[in-house]
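> got a sequence here, can you build the structure:
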Amino acid sequence: MINILLNAMDFDGSWAYSALSRYLKPHMKAVILPLSFHEGWLADEEEWRRRYKKGTDDYELLVRPFRSYFINDADITWINDHEDDPDTALMKLRDADIIYLAGAYPDWMMERIEDLDLLEPLRNFDGIIMGSRAGALIQLDQYHMTRDESLEFGYGDGLGLLSGFDVENQFEASEEHLEAIIRSIEDRGNPVVCCPEQSGLLVRDGNYELLGRAFTADTDNLDDLYAALEDSRTPYMW
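Modelled structure (predicted):
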């Protein structure tokens, strides 16, 4: 299995292309799983198709990067949790070279994967598993969720495809992000791969390659992290 963890759906950028083009080949078969949405959103089949039909902004966001690798629209299928059942979803996975996990809410994504009985098929997949945001986080054995205006810091269980490190997506040097990185390091002792814009991580056969602007933080960096956290809490003086 090859794992690709991304900050966003922009892996057609020059920061990623040279690395990923070694693995994403023309006309590979890809299946997109847009299963990460909160309750009440995409409530029925009609709404799902209205958002993801060809030509919509969401469709283009998810499909456009593949075209740079000559993986065309006809090479891509979708898993729709309003239409697919465990049997049809499994058939789509079996036909795929690439699985793309898309969305922002890791807990909702894991719940829908379980509903479709895809936990073991994903864990046993021998192709390429890619994901952005929540789709990156759930590839880990355990991920953290950074606090924001609507969410408290917490941990969640992922697919367990990767272990020994954590990921901080959407990174910026803000109080919330720095607190999350420090807490993850202190709680678990593992390094954190920090992914700001234009960044990600490629993992193959236990070998890790940072992409774009990604960097790591670990116990050796705690003093610097605490200093940066203090700076983030200090009001600017003009």
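> point out where the protein drops to low pLDDT.
36-45, 236-238 (pLDDT under 70).
> redo that, cut-off 90
Across the chain, the ranges flagged by pLDDT under 90 are 34-59, 80-84, 103-105, 108, 112, 147-152, 206, 233-238.
> helices of that one, start to end?
14-20, 45-52, 57-67, 86-94, 106-115, 119-123, 134-137, 175-188, 222-233 (DSSP state H).
> mind putting those helices in JSON lines, distance to Asp148 and mean neighbour count included?
Glycine gets a C-beta too; all of them are placed from N, C-alpha and C. What follows is these, written out as JSON lines (distance: least, C-beta to C-beta, whole Å; neighbours: other C-beta atoms under 10 Å):
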{"stretch": "helix 14-20", "distance to Asp148": "26", "mean neighbour count": "16"}
{"stretch": "helix 45-52", "distance to Asp148": "23", "mean neighbour count": "14"}
{"stretch": "helix 57-67", "distance to Asp148": "22", "mean neighbour count": "17"}
{"stretch": "helix 86-94", "distance to Asp148": "31", "mean neighbour count": "15"}
{"stretch": "helix 106-115", "distance to Asp148": "14", "mean neighbour count": "18"}
{"stretch": "helix 119-123", "distance to Asp148": "27", "mean neighbour count": "14"}
{"stretch": "helix 134-137", "distance to Asp148": "14", "mean neighbour count": "28"}
{"stretch": "helix 175-188", "distance to Asp148": "6", "mean neighbour count": "18"}
{"stretch": "helix 222-233", "distance to Asp148": "15", "mean neighbour count": "14"}
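> indicate which one of the ones you listed is closest to Thr216.
Minimum separation from Thr216 across those (C-beta to C-beta) falls at helix 175-188, 10.2 Å.
> show me what the closest one is packed up against.
strand 142-145, strand 166-169, strand 192-195, helix 222-233 (3 or more C-beta pairs under 8 Å, 6 or more residues apart in numbering; DSSP states H and E).
> ok, and what's touching the third one?
Here strand 192-195 makes contact (C-beta atoms under 8 Å, 6 or more residues apart in numbering) with 5-7, 136, 165-171, 181, 184-185, 201, 210, 213-218.
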